[in-house]
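*Asks:* For reference, the sequence and a predicted model appear below.
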Amino acid sequence: MAKPNIILILNDDMGYSDLGCYGGEVQTPNLDNLAKNGIRFTNFYNTARCSPSRASLLTGLHPHQTGIGVLVNNDGPEGYAGSLNNKCVTIAEVLREDGYKTYVSGKWHVSNSPYKEADSWPTKRGFDHHYGILQGATDYFYPIKLRRDGKNIEEEARNDPNYYLTDAISDQAVAFLKEHHQNFPEDPYFLYIAYTAPHWPLHAKESDIKKYEGRFIVGWDILREERLQRMKKLGLCDENLKLSERDPTQRAWDLTKNKEWEARRMAVYTAQIDNMDQGIGRIIAEVKKQNQLENTVIVFLSDNGGCAEPMGRAMKKLTNLDEWKSGRIKTKDGRDILYGNRKSVIPGPANTYASYGTAWANLSNTPFRKYKHWVHEGGIATPLIIHWPNGIKFKGKICHQPGQLPDIMATIIEITHSPYPEKYNGDKILPLEGQSLALSFSSTTSIERTLFFEHEGNAAVIQGNWKLVKEYPYSWELYDRESDRTELDNIISRYPVKARELELAFHQWAKRCGVIPWDLYLTNNRFIQY
């Protein structure tokens with residue numbers, strides 16, 4: 001049998017339950033159809049932040065092992081250098097050695113050198129071709145440092161009055177598929193599609209926003225309740241699961257002023273996801289046109305939970321003060337860009353730069369609490385859809401098997417039978433940390449796992465029904481995931497022995513994987529690993 005093609009789709013800053021097939025309000029018929037004919041995972045986890053998640057996803061290792069312990073700043077020793085190191089290999093490097101053609105369309109964000117060519121750029125790490133951005137965020141209508149195979153092509157966006165980054169990422173993915181089919185029809189391919197949507201800024205096409213006019217005017221309190229009921233009906237969670245309380249820093253919807261403006265923010269955010277799904281539909285259509293759908297593995301997930309990051313006018317600093325530019329001073333037609341979540345400014349157009357705020361992120365992460373950055377469920381729980389007609393026996397299956405990002409590489413290695421190297425380009429490569437999810441494609445057997453997480457001092461261990469978790473700098477908490485996945489009843493005082501056992505396991509993992517204790521990291525004058 002021919003080796004399967006692999007399409008890996010990652011989106012940016014989307015909450016656990018935003019997709020229609022996970023209970024959300026957004027219209028995602030293409031992803032919903034993949035879920036209907038594939039598998040939805042309910043207990044899959046990312047690493048709470050964009051760069052570490054991308055590093056872990058691409059390499060099958062924990063992020064600290066790859067050189068990206070926090071973000072892409074060069075903050076210390078090798079595990080925190082901000083770029084993929086030579087102790088890891090990417091999925092593209094492994095598959096290209098096994099005869100695959102490799103392509104990436106979208107956001108890279110695993111290099112500490114976004115503007116000066118470096119060994120950590122996509123075409124240096126196993127990809128034959130790249131289109132997109134290397135930094136973490138950008139203007140959707142006029143991206144900064146848009147690149148094709150390393151060359152700056154900003155003029156393509158500047159000269160196109162209809163340019164929109166999400167569309168461009170989708171359309172380039174389709175173009176890669178067409179070029180591959182024409183030039184290498186006998187070779188399998190690995191296509192990595194890394195959307196920036198729905199990461200801030202809130203930029204969307206007005207035609208997409210209009211679909212959601214009035215949809216969110218009932219407010220986050222009612223919508224969170226409704227979402228949870230849909231999730232229960234879909235079988236995504238237990239019937240007895242309790243909804244976490246509204247974030248205590250946020251007002252009840254009934255007491256909220258400027259309701260129309262607030263509803264518009266969520267409508268723009270939702271439109272960003274809707275547009276991404278439209279693009280995924282065009283990609284699937286091209287795969288079908290080439291008669292490759294049956295033997296193509298399509299994987300979809302998000303890099304972290306919904307983002308509660310505020311956006312004041314100070315965000316304008318990111319336009320011109322350093323190399324990590326994420327926005328511009330003016331639009332390409334010369335208008336001033338209005339930065340920040342100003343109630344006098346309607347978000348969405350090219351001359352705005354805003355985020356959707358904590359209360360809407362709380363909706364995105366229904367039924368959980370916390371957000372991107374934290375390793376409570378709201379920060380790390382992600383939807384995961386896998387579609388592969390030739391390889392998945394249970395169509396429409398909802399799988400509760402726990403897993404995390406390194407498992408994606410392990411799964412691809414198993415189903416492609418591609419060898420994972422002990423050495424690559426003369427460098428010794430760390431062994432895979434993930435376990436393959438392929439058993440879930442044809443079996444109901446669940447594998448016992450212990451999963452570990454650390455980001456900015458926030459830490460967690462998941463083992464069976466237990467979850468030990470802490471928010472830096474506070475104490476550890478312990479939860480029973482079977483009866484309390486929303487983390488409402490801290491039972492650590494009732495099970496101190498189990499909590500200590502899990503804490504010791506965490507420290508052993510952290511020492512092995514090069515995690516720096518966050519207190520020492522913050523001193524910035526010495527870095528001592530565990």
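*Replies:* Thanks, I have it. What you see is a predicted model, and the numbers here were worked out from it, not measured in a lab.
*Asks:* show me where the stretch 101-250 of the chain has helices.
*Replies:* Ranges of helices within the stretch 101-250 of the chain are 154-158, 165-183, 206-209, 220-234, based on DSSP state H, counting those that start in this stretch.
*Asks:* Which residue ranges of the chain form helices?
*Replies:* Using DSSP state H, the helices of the chain run over 29-36, 50-59, 63-66, 91-97, 154-158, 165-183, 206-209, 220-234, 259-289, 357-364, 377-380, 406-416, 496-513, 518-523.
*Asks:* What is the first one packed up against?
*Replies:* What that stands for is helix 29-36. Secondary-structure packing of helix 29-36 (3 or more Cβ pairs under 8 Å, 6 or more residues apart in numbering; DSSP states H and E): helix 259-289, strand 296-302, strand 381-387. From N, CA and C alone the C-beta is placed, and that goes for glycine too.
*Asks:* For A308, which of the helices of the chain is the nearest?
*Replies:* Checking those against A308 by Cβ to Cβ gives helix 357-364 as the closest, at 4.1 Å.
*Asks:* in this protein, what spans have low per-residue confidence?
*Replies:* 313-324, 524-530 (pLDDT under 70).
*Asks:* try 50
*Replies:* Within the chain, the stretches with pLDDT under 50 are 321, 525-526.
*Asks:* Next, name the residue at the spatial heart of it.
*Replies:* D303 (1.4 Å; Cα atoms, centre = their mean).
*Asks:* who touches the spatially closest residue to it that is not a sequence neighbour in this structure?
*Replies:* Spatially, and ignoring its direct neighbours in sequence, D303 is nearest to S53 (4.0 Å; Cβ to Cβ, 6 or more residues apart in numbering). By Cβ atoms under 8 Å, 6 or more residues apart in numbering, the residues touching S53 are L10, N46, T47, P63, D303, N304, L405.
*Asks:* Put together TSV for the helices of the chain, with distance to Y424 on each row.
*Replies:* Listed next are these as TSV, based on distance: least, Cβ to Cβ, whole Å:
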stretch	distance to Y424
helix 29-36	32
helix 50-59	11
helix 63-66	13
helix 91-97	7
helix 154-158	33
helix 165-183	24
helix 206-209	42
helix 220-234	42
helix 259-289	30
helix 357-364	38
helix 377-380	29
helix 406-416	14
helix 496-513	19
helix 518-523	29
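*Asks:* now for those helices, which one comes closest to G327?
*Replies:* Here helix 165-183 is closest among the helices of the chain (Cβ to Cβ), at 12.7 Å.
*Asks:* what helices or strands is that closest one leaning on?
*Replies:* Against helix 165-183 (3+ Cβ pairs under 8 Å, 6+ apart) you get strand 101-107, strand 129-133, strand 189-194, helix 259-289.
*Asks:* Looking at those, spot the one closest to L19.
*Replies:* Comparing the helices and strands packed on helix 165-183 by their distance to L19 (Cβ to Cβ), the top pick is helix 259-289, with 7.4 Å.
*Asks:* Give me the distance from that closest one to the chain's centre.
*Replies:* 16 Å (Cα atoms, centre = their mean, to the nearest Å).
*Asks:* in that helix, what's buried?
*Replies:* 261-281, 283-284, 286-287 (16 or more other Cβ atoms under 10 Å).
*Asks:* Repeat that for stretch 325-341.
*Replies:* K325, S326, G327, R328, T331, K332, I337, L338, Y339, G340, N341.
*Asks:* likewise stretch 141-150?
*Replies:* F141, Y142, P143, I144, K145, L146, R147.
*Asks:* now S170, nearest residue through space, not along the chain?
*Replies:* Distances taken as Cβ to Cβ, 6+ apart put G279 closest to S170, at 2.5 Å, once the chain neighbours are dropped.
*Asks:* Kindly apply the preceding question to T450 instead.
*Replies:* T450's closest residue in space is Q463 (Cβ to Cβ, 6+ apart), at 4.5 Å.
*Asks:* Check I68 too.
*Replies:* A55 (4.1 Å).
*Asks:* Please tell me how far the one you found sits from K101.
*Replies:* Using Cβ to Cβ, to the nearest Å, one gets 23 Å for the distance from A55 to K101.
*Asks:* So which of those two has more stuff around it?
*Replies:* Neighbours were counted for A55 and for K101 using other Cβ atoms under 10 Å; A55 has more, 29 against 21.
*Asks:* Contact partners for the more buried one?
*Replies:* Neighbouring residues of A55 by Cβ under 8 Å, 6+ apart: L61, P63, T66, G67, I68, L84, C88, V110.
*Asks:* L223 too?
*Replies:* E25, F216, L363.
*Asks:* in stretch 392-405, what's buried?
*Replies:* Neighbour-count burial for stretch 392-405 flags I392, K397, C399, Q401, P402, G403, Q404, L405 (criterion: 16+ other Cβ under 10 Å).
*Asks:* Closest one to L488 out of these, please.
*Replies:* Scanning these for proximity to L488, where the rule is Cβ to Cβ, the winner is P402, at 19.9 Å.
*Asks:* Confirm for me that that closest one is in contact with R449.
*Replies:* Yes - shown here, P402 and R449 form a contact pair, counting by Cβ atoms under 8 Å, at 5.0 Å.
*Asks:* shared neighbours of these two, anything?
*Replies:* Residues touching both P402 and R449 by Cβ under 8 Å, 6+ apart: I462.
*Asks:* Count the residues that sit near G426.
*Replies:* 6.
*Asks:* ugh, wrong one, E448
*Replies:* 7.
*Asks:* which non-adjacent residue is nearest it?
*Replies:* The nearest residue in space to E448 (Cβ to Cβ, 6+ apart) is G464, at 6.5 Å.
*Asks:* Distance of the one you found relative to K498?
*Replies:* 10 Å.
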